[in-house]
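S.K.: sequence first, then the predicted structure:
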Amino acid sequence: MAVAALASPIPQTAPPAFPAAAVETAVRDELIEAVKAEAMIKGVALPASAAAIGETAFQVDSLVAVSILCTVEPIVGFELPDSVVRTGGYSSVDEALAHLVPRIQLQWTKRKGGKP
């Protein structure tokens, strides 16, 4: 009687962790730079600190937000869909950040696995 050897199970590896800090930093930095450039063109004075700029009411166009996704794509390792960005844009950097980072993380989870 022949006995078949059982193959050892393939170990399950955990999906990679979402690079939340890197994504948030990249999105925040790019949004702040976009707001500074727009404010300079419009002749609007902004606060000196990045945190204060983030809280300041300043329209962030959805097309600007979509272009900022390109800076995040090398971090996450895949192309992000434009649908991550809310149509109509955002009223501040902080609002954009609060909306974008969770949606980028959801795309990460869909692509890389893991729990949302």
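M.R.: Yep, it's here. For clarity, every value in this text was computed on a predicted model and none was experimentally measured.
S.K.: wait, is residue 63 part of a helix?
M.R.: Yes. The assignment for residue 63 is a helix, going by DSSP: H, G, I helix; E, B strand; the rest coil.
S.K.: what number of residues lie near it?
M.R.: When neighbours are counted by other C-beta atoms under 10 Å, residue 63 registers 11. Every residue, glycine included, has its C-beta placed from N, CA and C.
S.K.: which parts of this protein are helices?
M.R.: 20-42, 50-55, 62-76, 93-112 (DSSP state H).
S.K.: and those helices: which comes nearest residue 87?
M.R.: helix 62-76 (5.8 Å; C-beta to C-beta).
S.K.: may I see the helices of the chain organised as CSV, with distance to residue 85 and mean pLDDT added?
M.R.: Below are the helices of the chain laid out as CSV (distance: least, C-beta to C-beta, whole Å; pLDDT from 0 to 100):
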stretch, distance to residue 85, mean pLDDT
helix 20-42, 11, 95
helix 50-55, 17, 92
helix 62-76, 4, 95
helix 93-112, 7, 95
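S.K.: identify whichever of those helices lies nearest to residue 13.
M.R.: Nearest to residue 13, of those and by C-beta to C-beta, is helix 93-112 at 11.4 Å.
S.K.: ok, back up a step: in JSON lines, list the helices of the chain along with distance to residue 13.
M.R.: Formatted as JSON lines, the helices of the chain follow (distance: least, C-beta to C-beta, whole Å):
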{"stretch": "helix 20-42", "distance to residue 13": "20"}
{"stretch": "helix 50-55", "distance to residue 13": "36"}
{"stretch": "helix 62-76", "distance to residue 13": "18"}
{"stretch": "helix 93-112", "distance to residue 13": "11"}
